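Trainee: Generate a structure from the sequence data that follows.
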Amino acid sequence: MIRAYHLDGRAEIINAAEPRQALEADSLWLDLINPDLAEEALVEKLFGIPLPTREDLKDIEPSSRLYVEDGGVYMTGSLVWKAESDLPEITDVAFILAGHRLVTIRYAEPRAFALFSAALLRMPGKYRTGAELLARLLETIVDRTAEVLEAGVARIDELSATVFVDRKAAKRRPPRFLEDKLLDIAAHHRLVSKARDSLVSLSRMVAFLRSLPKVREDREAEELCGIVAHDIQSLSEHAAFVSNNITFLLDASLGLINVEQNAIIKIFSIASVVFLPPTLVASIYGMNFHFMPELEWTFGYGFALVAMLLSAVIPFLFFRWKGWL
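Mentor: Okay, the predicted model is just below:
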């Protein structure tokens, strides 16, 4: 689908089955969403430049993501997608400056695009060039990334409060409670990791954008890019801080799991200390040797019971006195 936005605030869907020879003069932004071959061919004909394919967007080399060719400025940025789901993803979006127009190619629906397009329709005539429009779009994307991080921090704080509780509350936890929380920690780490990847990509893109002559000549676009670059830097530092907190939460959870497992092992150790000596006494008097004088005693049975009791109590008290239990 090809959606065109105009300076006067209009938006229209361009049908590739009805090809046109040229765009309207006030067309400022063409947003290609999951374009097919016919739609790509139409846009290439209208702008006279080649469009990157979906496979091209997956390249990770900076020279393949940021370059100038045939009079067009090509940039590829990685954006967080499905941030509210359990499996957030990264989607690559192409940003192309061709003359005074902006072309975007995407195969996902990041929320930042919906927010920006809605705001664009409410404020007709606000943007004059594609560079200025791109700077505002990047600002919206960065703001959306900040919202994703804020939501992630809130969920991490809530998770931390459920992990670090007093001993009485910890005893009322269901079995394998902390093991289940490890999956939540992994999900939060995935979200923050995707956000950091997106910020790194956007930082490179903004730095490249600011180096372009057409952007340096556009004062409004230059100032906006500077603001976006500062915001990206601040968010990157905040994301690193959040990532460190998640690492601490993960280490602490694993430590608490080890403590609980050690407590279980301690119970088995106490049971071994208590029952092993009586078992030894019972094993001795359970032998079938003919010459065992205790078998002839009248009080032999009681003697064996007392011996088993003392052999259990004395080691237990000794270990308690030493502080080993």
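Trainee: where does the stretch 151-300 of the chain have low pLDDT?
Mentor: In the predicted model of the stretch 151-300 of the chain, residues 166-172 satisfy pLDDT under 70.
Trainee: Show me the contact partners of stretch 80-87.
Mentor: 88-91, 108-111, 144-145, 148, 151, 187, 190-191, 194-195, 198 (C-beta atoms under 8 Å, 6 or more residues apart in numbering). Backbone N, C-alpha and C define where each C-beta goes, glycine included.
Trainee: Swap in 10 Å and give it another go.
Mentor: By C-beta atoms under 10 Å, 6 or more residues apart in numbering, the list of residues contacting stretch 80-87 from outside reads 88-91, 93, 106-112, 141, 144-145, 147-149, 151-152, 183-184, 187, 190-191, 194-199.
Trainee: Name only those of these that count as buried.
Mentor: The neighbour count (16 or more other C-beta atoms under 10 Å) marks 88, 90-91, 93, 106, 110-112, 141, 144-145, 148-149, 152, 184, 187, 190-191, 194-196, 198-199 as buried among the contacts of stretch 80-87.
Trainee: Next step: those restricted to strands.
Mentor: I90, T91, V93, R106 (DSSP state E).
Trainee: The last one and T76, how far apart?
Mentor: The spacing between R106 and T76, counted by C-beta to C-beta, to the nearest Å, is 10 Å.
Trainee: shared neighbours, the two?
Mentor: The contact sets of R106 and T76 overlap at L57, D92, V93, A94, F95 (C-beta under 10 Å, 6+ apart).
Trainee: Of these, just say which sits nearest to Y285.
Mentor: D92 (78.4 Å; C-beta to C-beta).
Trainee: so what's that closest one closest to, chain neighbours aside?
Mentor: Once flanking residues are discounted, D92 sits nearest to L57: 4.0 Å by C-beta to C-beta, 6 or more residues apart in numbering.
Trainee: Quick one: neighbours of the one you found, just the number.
Mentor: 19 (other C-beta atoms under 10 Å).
Trainee: Equivalent analysis for the one 3 residues further on, please.
Mentor: By other C-beta under 10 Å, 10 other residues sit near I60.
Trainee: What pLDDT does the model give it?
Mentor: I60 is assigned a predicted lDDT (pLDDT) of 72.
Trainee: Can you pull the phi/psi pair for it?
Mentor: Dihedral pair for I60: phi -110, psi -10, per degrees, to the nearest 10.
Trainee: Touching, it and T76? I think so.
Mentor: Yes: if you go by C-beta atoms under 10 Å, I60 and T76 touch, sitting 9.5 Å apart.
Trainee: what residues are shared contacts of these two?
Mentor: With C-beta under 10 Å, 6+ apart, I60 and T76 have common neighbours D92, S201.
Trainee: Not counting its neighbours along the chain, what's nearest P278?
Mentor: Nearest non-adjacent residue to P278 (C-beta to C-beta, 6+ apart): M308, at 3.7 Å.
Trainee: How about E179?
Mentor: Nearest non-adjacent residue to E179 (C-beta to C-beta, 6+ apart): I257, at 6.7 Å.
Trainee: which residues touch the residue nearest to P278?
Mentor: F275, P277, P278, T279, L280, V281, A282, Y285.
Trainee: what's the burial count for the first one?
Mentor: What it means is F275. 13.
Trainee: again, but for the third one
Mentor: Using other C-beta under 10 Å, P278 has 18 neighbouring residues.
Trainee: quick one: secondary structure of it?
Mentor: Secondary structure for P278, judged by DSSP: H, G, I helix; E, B strand; the rest coil, is helix.
Trainee: hang on, it packs against F316?
Mentor: No: using C-beta under 10 Å as the test, P278 is too far from F316 to be in contact (11.1 Å).
Trainee: which SSE is S78 in?
Mentor: strand 72-81 (DSSP states H and E).
Trainee: ok, that strand: who's next to it in the sheet?
Mentor: strand 66-69 (antiparallel), strand 89-98 (antiparallel) (DSSP bridges).
Trainee: what about those, which gets the closest to D26?
Mentor: Proximity to D26, assessed across the strands paired with strand 72-81 by C-beta to C-beta, is greatest for strand 89-98 (15.4 Å).
Trainee: where does the closest one sit relative to the chain's centre, distance-wise?
Mentor: Strand 89-98 sits 20 Å away from the centroid of its parent chain (C-alpha atoms, centre = their mean, to the nearest Å).
Trainee: Ends of stretch 159-179, what's the gap?
Mentor: 13 Å (C-alpha to C-alpha, to the nearest Å).
Trainee: what sits against the residue positioned nearest the centre of the chain?
Mentor: Nearest to the mean C-alpha position of the chain, counting by C-alpha atoms, centre = their mean, stands L191 at 1.3 Å. L191 makes contact with 80, 82-88, 148-149, 151-152, 155-156, 242, 246, according to C-beta under 10 Å, 6+ apart.
Trainee: Likewise for D231?
Mentor: By C-beta under 10 Å, 6+ apart, the neighbours of D231 are L138, E139, V142, D143, T145, A146, L199, L202, V206.
Trainee: For the closest residue to G72 other than its chain neighbours, grab the count of nearby residues.
Mentor: Nearest residue to G72 in three dimensions, chain neighbours excluded: I49, at 4.2 Å (C-beta to C-beta, 6+ apart). Neighbourhood size, I49 [other C-beta under 10 Å]: 18.
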